[in-house]
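1. model the following, please.
(one chain, ligands or ions: 1)
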Amino acid sequence: FVGFIGGCIEMHDRRVAQEALRQNEAQLRELMEVQKRFVADAAHEIRTPLAAIQGNLDILIRYPHIDNKDKLEIIGDVQRESSRLGRLVHDMLQLARGDSGLSFKEDEVRLDQVLLDAWRETERINRNHHMVLTDLPRVWIYGDRDRLKQLALILLENATKYTPKGGTIQLSLKTNSQSAEFRVSDSGIGISETDLPRVFERFYRVDKARHRGQDPGGTGLGLPIAKWIVDQHHGDIWMESKLGEGTHAVVRLPLSEDNSTS
Ligand code: ADP
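-> Sure, this is the predicted structure:
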């Protein structure tokens, strides 16, 4: 009887082990699929600016005597496309490092100060919009100061990129007993209901044609990086938007225990 019970347990254990193996295999396969798609998308994204650079250089070599104005225009194009390539590679490396478990610092951080830093940096280089800052209450969270600043800069940069000159950009922060929530709001071009759920996908960019040839030169990786940073802080990020009216990028982060004593 003891042998029979022992046999049953062994069979059960083997079944559990096989099931775990199957699940691991499925997860691994899914992970490899995601990785493969990332590489394919990345190659596609890199090919576009590269083709533009090569095409422009071909023209310069084949027609060395075109007038200076045309030459300057072509060189300007090459410069724009190569800095776009640089941004792409930089952003892709960052996401790839994130995928392989890049570690985050874990410090007590004054979120309001980090936001203020990012705000001032954006204000210094942005003369095109009304920048409205509402009072930022003092709030401590647990996390990585540099990454949090990068997160705020991504959202502020998007607000400036997708808001026509003369529009308004706003930053606000509020807290409750568990979390802090900040929003970067703009009165810009907005995002349609169909595009809204996709903006956190890697390389996703809303119809480039709507920028009417004035593509602000994004990589489609800003929001995925923002989401990665928020995930690492166990928070939430989402966008609220109305086409033609504007966008709110909202981030909610858990508070650290220090708030009770500050
Ligand atoms: P990008 O580098 O193209 O800005 P992101 O990942 O940061 O890439 O954003 C993805 C897309 O979401 C953008 O290409 C843009 O179409 C849209 N988007 C992001 N933020 C805003 C905003 N504040 N207003 C309007 N559209 C936005």
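2. helix or strand: which one has Ser172?
-> strand 168-175 (DSSP states H and E).
3. that strand and the ligand in contact?
-> No - using Cβ under 6 Å from any ligand atom, strand 168-175 stays clear of the ligand, coming no nearer than 9.1 Å. Yep, even glycine has a C-beta here, placed from its N, CA and C like the rest.
4. packing partners of that strand?
-> helix 111-125, strand 130-133, helix 145-161, strand 179-186 (3 or more Cβ pairs under 8 Å, 6 or more residues apart in numbering; DSSP states H and E).
5. turn those into CSV, columns for distance to the ligand and mean neighbour count.
-> Converted to CSV, the helices and strands packed on strand 168-175 look like this (distance: least, Cβ to the nearest ligand atom, whole Å; neighbours: other Cβ atoms under 10 Å):
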stretch, distance to the ligand, mean neighbour count
helix 111-125, 13, 17
strand 130-133, 14, 14
helix 145-161, 4, 21
strand 179-186, 5, 21
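6. closest to Gly98 out of these?
-> Closest approach to Gly98 among the helices and strands packed on strand 168-175 is made by helix 145-161 (10.0 Å; Cβ to Cβ).
7. by contact count, what packs against the closest one?
-> By 3+ Cβ pairs under 8 Å, 6+ apart, helix 145-161 packs against strand 107-110, helix 111-125, strand 168-175, strand 179-186, helix 222-232, strand 246-254.
8. residue contacts, Ala40?
-> By Cβ atoms under 8 Å, 6 or more residues apart in numbering, the contact set of Ala40 is empty.
9. am I right that it is in a strand?
-> No - remark: Ala40 does not belong to a strand; assigned using DSSP: H, G, I helix; E, B strand; the rest coil, it is helix.
10. still on that earlier bit, in CSV: the helices and strands packed on helix 145-161, plus distance to Leu133 and mean pLDDT.
-> Output for the helices and strands packed on helix 145-161, formatted as CSV (distance: least, Cβ to Cβ, whole Å; pLDDT from 0 to 100):
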stretch, distance to Leu133, mean pLDDT
strand 107-110, 16, 94
helix 111-125, 6, 96
strand 168-175, 5, 97
strand 179-186, 11, 98
helix 222-232, 20, 94
strand 246-254, 15, 98
